[in-house]
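Student: model the following, please.
(3 chains)
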Amino acid sequence: MHLAYPAVLAALLFAVGLYGVLARRNAILVLMSVELMLNAVNLNLVAFDVWLRDTLHAGQALTLFTIAVAAAEIGIGLAIVLMVHRNRGTSDVDRLRDTKEQPSAEEKAEAAA
Amino acid sequence: MTTTTLAVLVPLLPFLGSAAGLLLGRTAPGFVRPLAVLPTLAAVVLAALVAARQGGGKAIVASTELTPTGSIPIDLSLYIDGFAALVAVLVCVVATCVQIYSTGYLREDPRYPSYAALVSLFTSAMLLVVYTGDLMVLLVGWEVMGICSYFLVGHYWETPEARSASLKAFLVTKLGDVPFLIGLFALATDAGTFEITGVLGAVASGGLDHPTLIALLLLAGVAGKSAQFPLHTWLPDAMAGPTPVSALIHAATMVAAGIYFLARLLPVFAASAAAMTVLAVMAAITMVGSALAALAQDDIKRVLAYSTIGQLGYMAGALAVGDRGAAVFHLVSHGAFKALLFLAAGVVIHAAGTNSLTAMSRMSGLARRIPDAYWTMTVALLALAAIPPFAGFFSKEAVLVAAEHTAFGERDVAPAGAGWTVLVAGLLTALLTAAYALRLWLRTFRGRGAEAPDHGRQPIAMTSVLWVLAIPSLGFGLTVTYLDDWFDGHPLTPTLTTAVLGTGLAVAGAAVTYAVWRTLAARTPVAAPVPHVAHPDAEAGQVEAEALHLPHPAEDPADPGRALLGPLHGPAADGFHLDAVYRTAFVRPVLAAASLVRFLDREVVDTYVRAAGDSAKGLGWLVRRAQTGNVQTYLSALLAGSVVLAIVAVALANAAAGA
Amino acid sequence: MNLAAQAHGFLSPTGVEIAFVLVGIATLGAALVTVTTRQLVHAALWLVVALGGLAVEYLLLTAEFIAWVQVLIYVGSVVVLLLFGLMLTKAPIGRSPDADSGNRPVALAVAVAAAAALVWVVVDAFRTTWIDLDGPAQGSTSVTGEFLFQHWVLPFEALSVLLLAALVGAIVLSRKKKEDEN
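Tutor: Reported below is the predicted structural model:
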């Protein structure tokens, strides 16, 4: 089988996941997109492992580990999203803007004057 | 102890006393007075011992090199000849008198500890100048004196007069010190050493390449320090300091340093006839001008200040005719009677509650209130007027004799023209000196009007030193026959011609003044008293500080000085408008340059600075807009950047592979 | 991509390749729907399709153990977890108009640029490379068991610790505080 098929499929899946991470508003949808990106990587790993015929099968082992880590990640991620939702009443990523630049006290005074 | 050790201790003791005084002044006020007086007193004894051991014989030379200093070595060295030994004794005696006097004069002053420490430091610096054999070390003492005079003249810094006077003293002497420093370097470069002995040796063997230039540069420094025309203007203003400081500066230390330095390095100056002529002219102008100005002053201390300038002119004149023996002789005797005059003037100001001669002339019985000051001041004024047999007569005669010898070609150290200049100016000044001395005496102690207020007896610390200083004022001149050995060895005794001429002129001046005074006194009614200070019973220093503020009466028809000077009175009272000249020549251009610099700084330089700040601020504003808090935006930017970088990397790799 | 490969004449499409491409297109389409649909629960379900498609791809690449792990963990647990998350955060059922944030154009641009760059590089690099799928299966359960427990035991065990830590962390994070209960 031509190696370009899985490689291109992985690249496109990765880009789709990327779009989802950047464009989705709901945090759980963002997590889904992250899963897509991880899977794209997994596909690459498996394809190259099969191509290289590695005796250690590092690619497949790493894929398994990635799946496990992804499971852990989704667990923690969902817990965080739940807590944020509980505290803030929303799980929309673009509404969590606590790191925004706040106008300083003197600028507030200037604006008031 | 060896003589060298003793000599080292002489400047060191006041210095240690000063350091201890500065350190302990606040924590242990009880130690301040002993620390001020005792080291100086010990220095008197040691200086006298050094003088006795030196005995006017061969110079004691000792030196030690602390550290290598490059091509021209700078050593800590002593060079004690008869001049140094005698001047050191004078400095120590006057400084001790001033310290003792100050304990009474500034009894209640809260700043007495620092004052006493500075006086000690001043003394120590002067002794360093006197004893050192190295020009660089001399310069150290020279500059320490400059800064001490700044602090001491500005002792009453609450008053604007004292502040500006201290600044003026500092800046004007610095104006001379810059050429002085350059001159010292030039001299050391020519002679290859800073050692005075080495320099003199180089001069003797004709080793100086630019004697006139060096001499003129050094003369500028001397003129600044010794208050010679045209750098004398700081001295009358320095009267804003406490009276003991005036006594110290005028009699023994600061102003004497210039003359002493000149005397030390006289061969350097004598190598250039032009420099000697300049010095002679400078001395002549100083003498006559200051005597005229002294005749017109109303402030008793300013009269004395101008008389100091005049007497320094005599010394400079003696040096201009190449007789340093006469110069230092006059320096020592003048130191004694001028210290006495100032200290007595301090008592007078305290008793009268004013420093205005006009005010004093309108109170009677001042002499009865302060008999000590009256008698000692009379002695000192006689010495100032050079009436035989007082000290001033002999020393001034020595100067006139030297000038006469030069004028008639019997001495060939200096050009005959210099001799004539000094001789004529000296005789004229003798006349004027007697006139203003008598005017001062008459107007102070022979006033008519209300009885002088009675403040009780003056402190013993103040009156006793007057009598101590009266002894040399009276008798120092009689030792003239023994002094030849201490100085260069040629006789200092008066000759008949100059003695008769000088004394005759002095008597004539005094007689004319007396006659004018009698006439004016008979013609004018007794005027109303001039206001006095508000707290006449306070301690002397405070009375004087208050007296500084009192307005001086502009017109006093009974003043013999006004009648004698005629149209010259106005300019003379104002110091011949030299301050105005300086204002036009130096102060205004400097102020204009300062405002130009201010404009450049505020409007031009600051524009760039502000623009730099504003541009950074604007950039910050832009960057701040980007901080929306939206994580997705941040991540988008991050990933876009990564993609761009990746594409660039791949493109570069391809380009490299293709190439 | 196909066109490019055919133009070079390298390709004699085998059955596996045709199957791979077809499943790949389906997977990609499902993924696209996942990230674009306005219905949140549908997104999760389309994710199942995409992940399942990937499992088929793994099978086609002879990595059968990973394929089953994919089905078990992703389809079986991760998606279920995500659905739970959606429910717990009271996600709206049906079309929600604001599923996409305002960052969408930028996201599209970045994603397209990334896809273009990656595809370009990958195609450029692996134009002439074939995978030899013949011979013994490389990802059968026995093979996987051998390499995993011969060569990768230590990372495997370390991973178990990581999973435990994640478990504890998730519990701590999602547990309601006592004050809230009161």
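Student: and B:Tyr514, what does it touch?
Tutor: B:Leu438, B:Leu442 (C-beta atoms under 8 Å, 6 or more residues apart in numbering or on different chains). No exception for glycine: its C-beta is placed from N, CA and C like everyone else's.
Student: which one is the residue nearest the centre of chain C nearest to, not counting chain neighbours?
Tutor: The residue lying closest to the centre of chain C (C-alpha atoms, centre = their mean) is C:Leu51, at 5.0 Å. Ranked by C-beta to C-beta, 6 or more residues apart in numbering or on different chains and with sequence neighbours excluded, the top spatial neighbour of C:Leu51 is C:Tyr74, at 4.4 Å.
Student: secondary structure class of the one you found, three-state.
Tutor: C:Tyr74 carries the three-state label helix when classified by DSSP: H, G, I helix; E, B strand; the rest coil.
Student: so what's the residue nearest to the centre of chain C up against?
Tutor: C:Leu51 touches A:Glu35, A:Asn39, C:Gln70, C:Tyr74, C:Val75, C:Val78, C:Val79, counting by C-beta under 8 Å, 6+ apart.
Student: look up which helix or strand B:Ala263 falls in, please.
Tutor: Per DSSP states H and E, B:Ala263 falls inside helix B:254-264.
Student: now do that helix: which elements does it pack against?
Tutor: When contacts are defined as 3 or more C-beta pairs under 8 Å, 6 or more residues apart in numbering or on different chains; DSSP states H and E, helix B:254-264 sits against helix B:82-105, helix B:112-131, helix B:135-153, helix B:211-225, helix B:300-320, helix B:324-352.
Student: for the chain, what are the low-confidence residue spans?
Tutor: Since no chain was named, I'll use chain A. A:103-108, A:111-113 (pLDDT under 70).
Student: my bad, the chain I had in mind was chain C
Tutor: Looking at chain C by pLDDT under 70, you get C:1-12, C:177-182.
Student: in what element of secondary structure is the residue nearest to the centre of chain C found?
Tutor: Here C:Leu51 is assigned to helix C:40-60, by DSSP H and E.
Student: just the buried residues of that helix, please?
Tutor: Buried residues in helix C:40-60, defined by neighbour count with 16 or more other C-beta atoms under 10 Å in any protein chain shown: C:40-41, C:43-44, C:46-60.
Student: before we move on, back to that, and the residue nearest to C:Leu51, what does it touch?
Tutor: C:Tyr74 touches A:Glu35, A:Asn39, A:Ile67, A:Ala70, C:Leu51, C:Ala55, counting by C-beta under 8 Å, 6+ apart.
Student: thinking again about what came up before, C-terminal to the helix holding B:Ala263, what's the next element?
Tutor: helix B:266-270.
Student: list the helices and strands the helix or strand following that next one packs on?
Tutor: Sequence-wise, the next helix or strand downstream of helix B:266-270 (DSSP H and E) is helix B:273-296. Other elements packing on helix B:273-296 under the criterion 3+ C-beta pairs under 8 Å, 6+ apart are helix B:211-225, helix B:266-270, helix B:300-320, helix B:416-445, helix B:560-565, helix B:569-573.
Student: what's the first one packed up against?
Tutor: Using 3+ C-beta pairs under 8 Å, 6+ apart as the contact criterion, the neighbours of helix B:211-225 among helices and strands are helix B:135-153, helix B:160-191, helix B:254-264, helix B:266-270, helix B:273-296.
Student: save those helices as TSV, and put in distance to B:Gly224 too.
Tutor: Putting the helices and strands packed on helix B:211-225 into TSV (distance: least, C-beta to C-beta, whole Å) gives the following:
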stretch	distance to B:Gly224
helix B:135-153	9
helix B:160-191	2
helix B:254-264	8
helix B:266-270	16
helix B:273-296	12
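Student: quick one, which of the ones you listed is packed in tightest?
Tutor: Greatest average neighbour count among these goes to helix B:254-264 (a mean of 27), per mean count of other C-beta atoms under 10 Å in any protein chain shown.
Student: outline the domain layout of chain B.
Tutor: B:272-566, B:574-620, B:628-659 (automatic domain parsing).
Student: dump those domains to JSON lines, plus distance to B:Arg163 and mean pLDDT.
Tutor: Listed next are those as JSON lines, based on distance: least, C-beta to C-beta, whole Å; pLDDT from 0 to 100:
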{"stretch": "domain B:272-566", "distance to B:Arg163": "12", "mean pLDDT": "81"}
{"stretch": "domain B:574-620", "distance to B:Arg163": "16", "mean pLDDT": "88"}
{"stretch": "domain B:628-659", "distance to B:Arg163": "60", "mean pLDDT": "86"}
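Student: who wins for proximity to A:Leu52 among those?
Tutor: domain B:628-659 (22.2 Å; C-beta to C-beta).
Student: report the distance from stretch C:159-172 to the chain centre.
Tutor: 22 Å (C-alpha atoms, centre = their mean, to the nearest Å).
Student: what's the answer for stretch B:173-190, then?
Tutor: 18 Å.
Student: and chain B, which of its residues are near chain A?
Tutor: Within chain B, the residues that sit near chain A (C-beta under 8 Å from any C-beta of the partner chain) are B:Arg624, B:Gln627, B:Thr628, B:Gly629, B:Asn630, B:Val631, B:Gln632, B:Leu635, B:Ser636, B:Leu639.
Student: out of those, which end up buried?
Tutor: B:Asn630, B:Gln632, B:Leu635, B:Ser636, B:Leu639.
Student: what does chain A put close to chain B?
Tutor: By C-beta under 8 Å from any C-beta, the residues of chain A that approach chain B are A:Leu18, A:Val21, A:Leu22, A:Ala23, A:Val93, A:Asp94, A:Leu96, A:Arg97, A:Asp98, A:Thr99, A:Lys100, A:Glu101.
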